[in-house]
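S.K.: Take this sequence and fold it.
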Amino acid sequence: MGSKIYKGTIQMGRSTSSHDETQRVTLDIEEDKSCVLIARVAMGTGAVGNFIVGGMAECTIEMYGGAYGRLGMKRENKTMKVFVPDGEFEDRNRRAEKAVRVAEGDGWRGRVSDATNQHCYSGGGPNGGSYYNVVFARHVDDDGNPYLGE
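M.R.: The predicted structure follows:
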């Protein structure tokens, strides 16, 4: 398989709460069009200094292989109201996931955490349930065909 060139961004981050000094600084590599995170490189602050001064340093690399099928595709987003029925507090994540999965289709994947987030609350529903504004995203090719791989 030959190589292909994509436009992207590299973002550096620093954790102040990392318990592992070797993972303190991260470099995230993301493809622009699909907004897909391809890889995360992590290293300690001492390794960053070695890299800057000496051009090489030890690190760990986490590759996100599931992202490859979506590279170069356009990311689409939409927000939908999703009804989550009432139930026990301890059971809210299961109910939210079930409600979001029912609304998915044609490549759309919902952010389940929105359906338990009070900042996304959109009002009460029938029989005591609640509506939440849930963000859905999908990737489509240049012809508008959705990616259904994951």
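S.K.: alpha carbons only for contacts and neighbour counts from here, please
M.R.: Noted.
S.K.: all strands in this protein, in order from the N-terminus.
M.R.: Defined through DSSP state E, the strands belonging to the chain, from first to last, are 8-14, 25-31, 36-43, 60-63, 74-84, 109-110, 121-124, 130-140.
S.K.: can you redo those as a markdown table with distance to Arg94 and mean neighbour count?
M.R.: Formatted as a markdown table, the strands of the chain follow (distance: least, C-alpha to C-alpha, whole Å; neighbours: other C-alpha atoms under 10 Å):
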| stretch | distance to Arg94 | mean neighbour count |
| --- | --- | --- |
| strand 8-14 | 33 | 13 |
| strand 25-31 | 31 | 20 |
| strand 36-43 | 27 | 20 |
| strand 60-63 | 29 | 13 |
| strand 74-84 | 10 | 17 |
| strand 109-110 | 14 | 22 |
| strand 121-124 | 17 | 15 |
| strand 130-140 | 15 | 21 |
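S.K.: Which one of those lies nearest to Tyr147?
M.R.: With C-alpha to C-alpha, the closest approach to Tyr147 among those belongs to strand 130-140: 5.5 Å.
S.K.: Now do that closest one and strand 36-43, the angle between them.
M.R.: Going by axes from the mean of the first three to the mean of the last three C-alpha atoms, to 10 degrees, strand 130-140 is angled at 90 degrees with respect to strand 36-43.
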